[in-house]
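> based on what follows, work out the 3D shape:
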Amino acid sequence: MTRSARTLSRRARRRVASASAALAALLLATPAAAHAVPLQATGAHTVAFAVKPGSGVPIATVTVFDRTTWQAYELGGSTRTTLAPGSYVAVATAAAGSAGYLIVRTFTVSTAAQTVTFDPSAAKNVVLHTDDTAAERTGIRATLLTDSSGTVSAPVARDLRVTPFSVPGLALSVHEMQQRAGSSQASPTPYVYDLEHVWKSTLPSTTTLKWNRTQLGAESVVVHGPGTRAPTLLESTSWAPDTLSAPVTGAGKFTWYASPKAHLIGRLVSGTGVFTLGYYANPVGGTETLTVGTAPVQPSRGYTTLSGNVLTSDEDLPRDQSGAYQSDFAHVSESTVLTQGDRTWTAGDRQRLTTEELPNGPQEFTLSHTTVATSAVYRLSTRTQDVWRFRADPSGSSAAPLIDPVLAASGLDAFGHVGTGPVTLSVSASGRLGSTAGAVTVTGIAWSADDGAHWTDLPVTAGTKAGTATARLTAPTTTPWVSLRVTAADTLGNTVTRTLTRAFGGPAAAPEGHTGAPAISDVDIADVALVVTGNQELTADYTVTDPSGTAAADLVLYHGSYDRPTGMLTEPSRPVCTPLSATAQRCTATLSTHDLLRLGAANAGTWHLAVVADSATGHVEDHDIATVTMVRKAHLNTVDVTPEPVTKGGRITATGTLTHDDWDGTAPSGYAGRTVKLQFCKGTSSWTTVATGTTDTGGRVRIGAPAPSGNGRYRLAYTGDPGGPILSGTDGVTVR
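Alright, predicted model coming up:
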């Protein structure tokens, strides 16, 4: 079975909350009678809460539930409260080391004050896993739920520990995600294990669950890139209000496994866009393929109606073949123009076109709907246009007799490009009035290698079904982009011409492009090597000029080639632009280096800045307008000098390890072949280099030197890092 990404219509998705928000709302609904502190009641007693002495686990929050009513009392930062006689369960959250804790205690309030002690050592390590020993955890989340929708979530941590319990009305929901060990955005995981389990009423002392892969549901997700490879994450939300993620391919295929009866919502997050995959519903043993991002991107059917001598038009924005809106991934602007005789009506971006009152009787109309997409990442269907010519009587009440042609292309690769072989173009055209306007015929299919400056008609083969046709195209090896144009007509003479500029990529590398008047200049970005720690923001400033004074711009920082980058950094929001004059604006974009820490060490080095801009007067696309050098942070551990003490006139040996970040989520690795200096300081004097050594394959260095004449301190120094010297901790020596 094959399905496409589930998406809502343009208008419906503005009205309906996302599926993940709906799930969160279901579980986070706060009981109407919840209180921050308990209500005073006759016979209430003081209850204090404490952690077992010597546990080393500080309590963060305490929530108390009445086991009869499930009324929740959140103590906040307090460690004591008053409670009426009754049966209660208290939940403490804590974090220590790599673990997040949910510590559960039941107790009864009867005739006296008491202290409830939380014992972190009683909490068990909770693990959901499979029989795949090559998989590693990307994250684990847990939430305790009550019958009245009360919730307590564990702190976010690498590990999870929860106290076993037997409390009717209490449940523990755990969500764990796993990927192939060592995966990164540069080397995405080929599979994701999305594991969820809910323990109801009882959490046993054995808190590890294991599934064989054959016991899981499996969904093959095929991702088509938007003309290139974009960094992509699979995000998943379970019944508990949490989100876990793993790096997956932005152009290729991965398998999404899920545990039995899992309630999961998936999203593919790519750059600033999101594909909503919907609820995971594949049963155990079922096979299903989910395809997203398929080109060509083209307008979806909107509506144009005539009623009471008024024409109203609100055509839709382009979507890919999976139903995802192009506007989720690119800056898309639209315009609509209607002509009737010598009269013209226009509508701007996201505006509905409405005419004044039109005369009675059949009339000739021409309606055009144009979209322009500006994105340095999403590179397909940069311009689309539908032009309808139709005859209609506005005094009636019906849809306009428009024709909608839909194009499909076989033989595209995972990046939305065609290879050197032929591609089959398929067209299916249908009229909005159905049989009322007569049969629809595809009258032409043409292609262009130069963004529509010149067109070549293709031989068209009519399909067996009305309104369908195919054509074959073999793009020359010098073709970077393929634009398509299709025409269709019905038996009443109504026609349509659909044009898709850069419908898909060709075999050749994409060239830079400059058409019309827009220009990009005065680019300012980091001019020194950036040592990446993961929390920096990289700012790029540039000037866009255009006679119209308005141009949409976007940028991307990439490593590798423009067409097949090994890494990408995109800004989380649109550039901020400030007018400089009637024709120029200064734009600022902010990029975070955090994602670099998952890109892999091969992406250290030179990165290239690409900028695109569109205006009413033209298009500019510069693939390498500036460069930035980004390097991995180096570290030196504390030097160890032997022997201790040292004999005057003898020799000492200093050892240490030079490492640098791997950018793959693991610990730093050895920095081989680097020159490290051994430096000595006597008293308050300055540091002096006394010897040097070279690191081995593991980054280890061993340096021998004559013993000093008196007591002092040694350290190691690595001065080859662009961010400045890397210094170790010191080791003092005593000379005898």
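> in the chain, where is pLDDT below threshold?
Per-residue confidence for the chain (pLDDT under 70) gives these ranges: 1-42, 239-241, 271-272, 279-287, 572-573, 665.
> domain map for it?
Domain segmentation of the chain under automatic domain parsing yields 2-214, 298-505, 513-631, 634-733.
> the stretch 1-150 of the chain: helices as residue ranges?
12-15, 19-28 (DSSP state H, counting those that start in this stretch).
> for the residue lying closest to Tyr101 once chain neighbours are set aside, what are its contacts?
Distances taken as CB to CB, 6 or more residues apart in numbering place Ala94 nearest to Tyr101, at 4.1 Å, with adjacent residues excluded. Bear in mind the C-beta positions are built from the backbone N, C-alpha and C, glycine included. Neighbouring residues of Ala94 by CB atoms under 8 Å, 6 or more residues apart in numbering: 51, 57-60, 100-101, 103, 118, 120, 155.
> the spatially most central residue of the chain: what's it in contact with?
Among the residues of the chain, the one closest to the centroid is Val269, at 2.9 Å (CA atoms, centre = their mean). By CB under 8 Å, 6+ apart, the contact list for Val269 reads 232-233, 235, 245.
> go again using 10 Å as the cut-off
With contact taken as CB atoms under 10 Å, 6 or more residues apart in numbering, Val269 is in contact with 230-235, 243, 245, 248, 275.
> could you do Pro575 as well?
With the criterion set at CB under 10 Å, 6+ apart, Pro575 makes contact with 331, 540-542, 544, 552-555, 585-590, 611.
> residue ranges of the strands in the stretch 451-600 of the chain, please?
456-457, 461-462, 468-473, 481-490, 495-505, 513-515, 519-524, 530-532, 537-545, 552-560, 565-569, 576-579, 584-592 (DSSP state E, counting those that start in this stretch).
> part of a helix, is Thr436?
Yes. Assigned with DSSP: H, G, I helix; E, B strand; the rest coil, Thr436 falls within a helix.
> so it versus Ser398, what's the distance?
From Thr436 across to Ser398, the span is 8 Å (CB to CB, to the nearest Å).
> quick check: buried residues in stretch 194-214?
Using 16 or more other CB atoms under 10 Å as the test for burial, stretch 194-214 gives 194-199, 203, 207, 209, 211.
> of all those, which two lie farthest apart?
Asp194 and Leu203 (21.2 Å; CB to CB).
> so what's the residue count around Ala449?
19 (other CB atoms under 10 Å).
> likewise the one 5 residues further on?
Here the count is done by other CB under 10 Å, and His454 has 9 residues near it.
> surely it meets Arg485?
No. Assessed by CB atoms under 10 Å, His454 is found out of contact with Arg485, at 11.4 Å.
> mind listing what's buried along stretch 540-555?
Buried residues in stretch 540-555, counting neighbours by 16+ other CB under 10 Å, are found at 540, 542-546, 549-555.
> ok, those vs Thr495, which is closest?
Closest to Thr495 out of the buried residues of stretch 540-555 is Ala552 (30.9 Å), distances taken as CB to CB.
> skipping adjacent residues, who's closest to that closest one in space?
Nearest non-adjacent residue to Ala552 (CB to CB, 6+ apart): Thr374, at 4.2 Å.
> still on that earlier bit, residues shared between the contacts of His454 and Arg485?
Common neighbours of His454 and Arg485 (CB under 10 Å, 6+ apart) are 446, 448.
> ok, back up a step: is the residue nearest to the centre of the chain in a helix, a strand, or coil?
Val269 - assigned by three-state DSSP - is strand.
> the helix or strand hosting Thr692 pairs with which strands, and in what direction?
Using DSSP states H and E, Thr692 maps to strand 688-694. Using DSSP bridges, the strands paired with strand 688-694 are strand 675-681 (antiparallel).
> for His594, which non-adjacent residue is closest in space?
Gly534 (5.1 Å).
> just checking, the one you found touches Asp661?
Yes. The pair Gly534 / Asp661 is scored as a contact, 8.4 Å apart, by CB under 10 Å.
> please name the nearest non-neighbouring residue to Leu290.
Val221 (4.9 Å).
> can you tell me the helix or strand for the one you found?
strand 217-223.
> right, and the helix or strand after that strand?
strand 232-237.
> quick one, the helix or strand following that next one and strand 232-237 angle?
Remark: after strand 232-237, the chain's next helix or strand is strand 244-248, criterion DSSP H and E. Between the axes of strand 244-248 and strand 232-237, defined by axes from the mean of the first three to the mean of the last three CA atoms, to 10 degrees, the angle is 160 degrees.
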